[in-house]
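Visitor: okay, sequence plus prediction incoming.
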Amino acid sequence: MFEYSTVNSREVPLFRDVTEEQWNDWHWQMRNVITDINTLDKVADIDRKEHEDLEKTLGKFKMAITPYYAALMDSSYKLCSVRLQAIPQIAELNDDVSDMHDPLHEDVDSSIPGLTHRYPDRVLLLITDICSMNCRHCTRRRIVGQKDSNLSWDNIQRAVDYIKEHTEVRDVLLSGGDPFTLADSSLERIIAAIREISHVEIIRIGTRTPVVMPMRVTDDLVNMLKKYHPIYVNTHFNHYKEITHEAKEACEKMANAGIPVGNQSVLLRDVNDCPRIMKKLVHELLKIRVKPYYLYQCDLSKGISHFRVSVSKGIEIIESLRGHTTGMAVPTYVVDAPGGGGKIPLSPNYLLSHSDKRYVLRNYEGVITTYTQPSNIFSECWCELCKNNEYGPLDGVASLLNGEKLALEPKDLARRHRNGHT
Ligand SMILES: *Cc1c(COP(=O)(O)O)cnc(C)c1O
Ligand code: SF4
């Protein structure tokens, strides 16, 4: 049996006099975020060396830990998976040769502040820089905790206008920062404006509050959200230790309001770079009705190189999950392509070889098996959607497969110039 821990503020001397009402009030949590070494000293054992390192690191990067998450840390064990995500390490100052300021080109690909329209049918809208907590591995640390402001209403309106004009956008993803740091009324104003756009089918929200400040997920919040269905939420658990009684309640509250909740983990050295930890995490997630969605390879953002592990580790984790447990529990492992290429899924190889007639496949047990192709493999599609060209022409590699395009070529392909084409 998995025991859900309850974060007990009474166990941490610093919070001994905090009332239950204060502790469970997310505004109190945000007002009392730990940002300085002296306060941190009172919740964690910081030795002299760590103290010196912290002073240096805080010169460059901010620290912010919610009291709730601080109380979840093992105060003395430096490799505690929660502590590692919360307390800065000197390694953040290392500049790795592969580090980039904005690896995913979120700023470059953003003609309207806050808005990134990367994929054909969906947009990402960063509505705030503010998070309840500054996760040490944050891929958006170039933004988060820098100016501490919300996207202005003017810019929200520009984004809304853009979405209105682009009828192909059927999915709007609100992120930040953390959208749940906004007051219910401010968040509602944004969601309502987007919901008014008839071609927007689904609205998704990315938030880590269920993990780092679960008291934020109030009845009022979910009652507001459910007025604008279909709403989806993706959250960010990295370790099963984060699945406390409080986190469970927050996720169940959303599920009970009809909000499907997904999880996006980041693969982090010493935090969750182990197939067993990941397996336990995904199982515990399903138990609180959260569906594992993505497992991210750590991005190339500055100051997080010490968290990166090899891509092979991600493949190994997926190998240990697929088939060994339900497909419901298996996230898609992705590398978010530097330069804005988007998420690229990686997986172990299950296809060993093939001929005209047969595919040779292996399963999770290592059994090698075959699939004999049906004799009528070549068929044209007669479906209504194709006949009516409902989704328009295909793009990318998909357009090669269905014969819409013969080849995809780089725009400045040297061979084309040599042969006298333009
Ligand atoms: C991740 C991401 C999305 C959403 O991708 P899904 O695969 O649909 O979850 C959209 N836009 C940007 C820029 C993203 O990084
Ligand atoms: S909650 Fe997300 S955006 Fe905010 S600091 Fe953590 S990882 Fe970054």
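Guide: In hand now; what should we look at? Ligands and ions are numbered 1, 2, ... in the order given.
Visitor: only C-alpha atoms from now on, for both contacts and neighbour counts.
Guide: OK.
Visitor: who's in contact with Pro214?
Guide: Pro214 makes contact with Glu246, Ala247, Glu249, Ala250, according to C-alpha atoms under 8 Å, 6 or more residues apart in numbering.
Visitor: burial of the residue of the stretch 251-400 of the chain found nearest ligand 1, as a residue count?
Guide: Nearest residue of the stretch 251-400 of the chain to ligand 1 (C-alpha to the nearest ligand atom) works out as Gly342 at 6.2 Å. The number of residues packed near Gly342 is 15, by other C-alpha atoms under 10 Å.
Visitor: what about it, distance to ligand 2?
Guide: To ligand 2, Gly342 is 18 Å away according to C-alpha to the nearest ligand atom, to the nearest Å.
Visitor: low pLDDT regions in the stretch 1-150 of the chain?
Guide: Within the stretch 1-150 of the chain, the stretches with pLDDT under 70 are 1.
Visitor: run the chain-centre distance for stretch 129-140.
Guide: Mean C-alpha position of stretch 129-140 versus that of the full chain (C-alpha atoms, centre = their mean, to the nearest Å) differs by 12 Å.
Visitor: how about the residues of the stretch 101-250 of the chain near ligand 2?
Guide: Residues of the stretch 101-250 of the chain found near ligand 2 (C-alpha under 6 Å from any ligand atom) are Cys131, Met133, Asn134, Cys135, Cys138, Arg140, Gly176, Gly177, Asp178, Arg208.
Visitor: go again using 5 Å as the cut-off
Guide: Within the stretch 101-250 of the chain, the positions near ligand 2 by C-alpha under 5 Å from any ligand atom are Cys131, Asn134, Cys135, Cys138, Gly177, Arg208.
Visitor: ok, back up a step: partners of the residue of the stretch 251-400 of the chain closest to ligand 1 in the sheet?
Guide: Under DSSP bridges, the beta-bridge partners of Gly342 are Ala337.
Visitor: what does the pLDDT read for the residue sitting nearest the centre point of the chain?
Guide: Central residue of the chain (C-alpha atoms, centre = their mean): Gln264, 4.1 Å from the mean position. What the model reports as pLDDT for Gln264 is 98.
Visitor: with Gly420 instead?
Guide: For Gly420, the model assigns a pLDDT of 69.
Visitor: all helices for the stretch 201-350 of the chain, in order.
Guide: According to DSSP state H, counting those that start in this stretch, the stretch 201-350 of the chain carries its helices in the segments 209-212, 219-225, 245-256, 275-287, 311-321.
Visitor: in the last one, what's buried?
Guide: Within helix 311-321, the residues that qualify as buried by neighbour count (16 or more other C-alpha atoms under 10 Å) are Val311, Lys313, Gly314, Ile315, Ile317, Ile318, Glu319, Ser320, Leu321.
Visitor: state the distance from the second one to Tyr296.
Guide: Right, the one you point to is Lys313. For Lys313, the distance to Tyr296 (C-alpha to C-alpha, to the nearest Å) stands at 11 Å.
Visitor: for the residue in the stretch 51-200 of the chain that ligand 1 sits nearest to, which residues are in contact?
Guide: Proximity of the stretch 51-200 of the chain to ligand 1 (C-alpha to the nearest ligand atom) peaks at Leu124, 4.5 Å away. Applying C-alpha under 8 Å, 6+ apart to Leu124 gives the contacts Gly114, Leu115, Thr116, His117, Val172, Leu173, Leu174, Ser175.
Visitor: on that earlier part again, quick one: the residue nearest to the centre of the chain and Val211 touch, right?
Guide: No - using C-alpha atoms under 8 Å, Gln264 is not in contact with Val211, being 11.7 Å away.
Visitor: which bits of the stretch 1-150 of the chain sit near ligand 1?
Guide: Leu124.
Visitor: what does the residue of the stretch 51-200 of the chain closest to ligand 1 show for phi and psi?
Guide: Main-chain dihedrals, Leu124, degrees, to the nearest 10: phi -110, psi 130.
Visitor: equivalent analysis for Leu126, please.
Guide: As for Leu126, its main-chain torsions (degrees, to the nearest 10) stand at phi -90, psi 100.
Visitor: do the same with Cys138
Guide: Per degrees, to the nearest 10, the backbone of Cys138 is at phi -60, psi 130.
Visitor: now do His354
Guide: According to degrees, to the nearest 10, His354 has phi -160, psi 150.
Visitor: beta partners for it?
Guide: Note on His354: beta-bridge partners by DSSP bridges are Tyr359.
Visitor: okay but it is in contact with Thr369, surely?
Guide: No - here His354 does not reach Thr369: they are 11.4 Å apart, not a contact under C-alpha under 8 Å.
Visitor: give me the common contacts of the two.
Guide: With C-alpha under 8 Å, 6+ apart as the test, His354 and Thr369 both reach Val360.
Visitor: okay, now the domains of this structure?
Guide: The chain is divided into the following domains under automatic domain parsing: 9-93, 115-346, 384-418.
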